[in-house]
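Visitor: dropping a prediction and its sequence here:
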Amino acid sequence: MIEMPKLSKPPAGDGGPRWFQIAVALSMVLSAVAALVSSIRTSAAMSSLVEQNARLVRAGSTPILQWDISNANAQGEPQLSFSIENAGTGPARVVWMELRYKQQPLKSARDLLQRQNKELGLELKSAGNTMTGSIAGEVVVAGRSRTLFRWLRPKDDNPGGQRLWEAVDAAREHLAPEACYCSVFDECWTSRFDGELPRAVPACEAKGRVNLNS
């Protein structure tokens, strides 16, 4: 806080002509006004700087989850894979993650296999080597991904498994993922991974949601 200059009356019989004393008094008033204006501008600049710093901190700590689904791995082999990647700048605390197939929530990725198995009438006891994982309640660091399902296409000696793999591959277009996650500042968003921006919400409410588990 800038201290305002104190105005004092010149001593009697001292100080020369009256116009000079008035000029001195006016100069002191102008100095006080200039100091006040400077103080206001400094305060406004500091407030703007604090706000900008807060924005920078949030920008450097904002998670953005992305849904990745593919039917081939890096080597070009036929492989089904579902994963979640944090493409943001801060860690994401995933409160819930729901995956629906034809509007019906799946309890796990293997649930999708069982439904397709039943639709095909295969009654396979084993579809081959599959890997599943869960994400609800986990923290995904920026730049990292979490695989939820991975299944390499069965070999030719497992024709039933191949048919099931192809059915699950075709079912991918009917999958609808949705998740709610929060930043380290407890700012939360929901996303349907449909190309739209995540929607800000006051908090992530998991009640009534069917979390995708392994």
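Guide: That came through fine.

Visitor: contact partners for the residue most central in space within the chain?
Guide: Among the residues of the chain, Pro63 comes closest to the average C-alpha position under Cα atoms, centre = their mean, at 3.0 Å. Contacts here follow Cβ atoms under 8 Å, 6 or more residues apart in numbering; on that basis Pro63 touches 86, 88-92, 140, 142, 181, 183. The C-beta positions use only the backbone N, C-alpha and C, and glycine is treated the same way.

Visitor: distance-wise, check the closest residue to it other than its chain neighbours relative to Ile69.
Guide: Spatial nearest neighbour of Pro63, excluding adjacent residues (Cβ to Cβ, 6 or more residues apart in numbering): Ala92 at 3.4 Å. In this view, Ala92 and Ile69 are 18 Å apart by Cβ to Cβ, to the nearest Å.

Visitor: now Leu26
Guide: Taking Cβ to Cβ, one finds Leu26 at 77 Å from Ile69.

Visitor: I figured the residue nearest to Pro63 hits Glu85, correct?
Guide: No. Taking contacts as Cβ atoms under 8 Å, Ala92 lies outside contact range of Glu85: 9.9 Å.

Visitor: what is in contact with those two at once?
Guide: Between them, Ala92 and Glu85 share the contacting residues 65, 140, judged by Cβ under 8 Å, 6+ apart.

Visitor: more neighbours: these two, which one.
Guide: Ala92 (28 against 18; other Cβ atoms under 10 Å).

Visitor: phi, psi for that one please.
Guide: phi -110, psi 120 (degrees, to the nearest 10).

Visitor: tell me what it is bridged to.
Guide: Val140 (DSSP bridges).

Visitor: now do the contacts for it.
Guide: Per Cβ under 8 Å, 6+ apart, neighbours of Ala92: 63-65, 86, 139-140, 142, 181-183.

Visitor: now it: how far from Ala206?
Guide: 15 Å.

Visitor: so the residue nearest to the centre of the chain versus Ser81, what's the distance?
Guide: Pro63 is 21 Å from Ser81, by Cβ to Cβ.
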